[in-house]
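Undergrad: need the 3D shape of this:
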Amino acid sequence: MNQLFIELYLDEDVDVTIATLLRARGFQTVTTQEAGQTSNDDARQLAYAISRQMTLLTHNRVDFERLAEAYFNSGKHHDGIIIDVRRPPFEILRRLLVILNTIAADEMKDQLRYI
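TA: Got it, this is the predicted structure:
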């Protein structure tokens, strides 16, 4: 079944306030803390997001660019990675909403986006 709306998994370094702001707008969001995944390495965080068909949101550009490249080179797939530099939560929300309101979940497959 095709999934229309992107569901987000927030990496451990992302402010949990963003999850609250997204949920208030009707978006499905899970934090690392809620999922019981704190202290797992980046590869496990991405694997968890994939297992739930969720797009991962992170501030960790270097490691997740490397992981996305490794997935691409090995023919493995993920449900998207969104990388953001650290900003106030409402600014991150504003930038995220551009993606969430214009891109379907299926279009995020194997994508690496920057906001």
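Undergrad: CA atoms for contacts and neighbours, from now on please.
TA: Fine.
Undergrad: now do the helices in the chain.
TA: For the chain, the helices defined by DSSP state H occupy 17-24, 42-51, 61-74, 89-100, 105-108.
Undergrad: got the angle between the first one and helix 89-100?
TA: If you take axes from the mean of the first three to the mean of the last three Cα atoms, to 10 degrees, helix 17-24 sits at 50 degrees to helix 89-100.
Undergrad: which residues touch residue 84?
TA: 57, 58, 59, 60, 61, 92, 114, 115 (Cα atoms under 8 Å, 6 or more residues apart in numbering).
Undergrad: which of those are buried, as a PyMOL select command?
TA: Buried members of the contacts of residue 84, defined by 16 or more other Cα atoms under 10 Å, are picked up in PyMOL with:
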select buried, resi 57+58+59+60+92+114
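Undergrad: can I get the contacts of residue 84 in TSV with distance to residue 19 and pLDDT?
TA: TSV is the format used below for the contacts of residue 84 (distance: Cα to Cα, whole Å; pLDDT from 0 to 100):
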residue	distance to residue 19	pLDDT
57	11	98
58	13	98
59	15	96
60	17	96
61	20	96
92	11	97
114	18	97
115	16	95
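Undergrad: which of the contacts of residue 84 lies closest to residue 79?
TA: Of all the contacts of residue 84, residue 79 sits closest to residue 57, with 11.0 Å by Cα to Cα.
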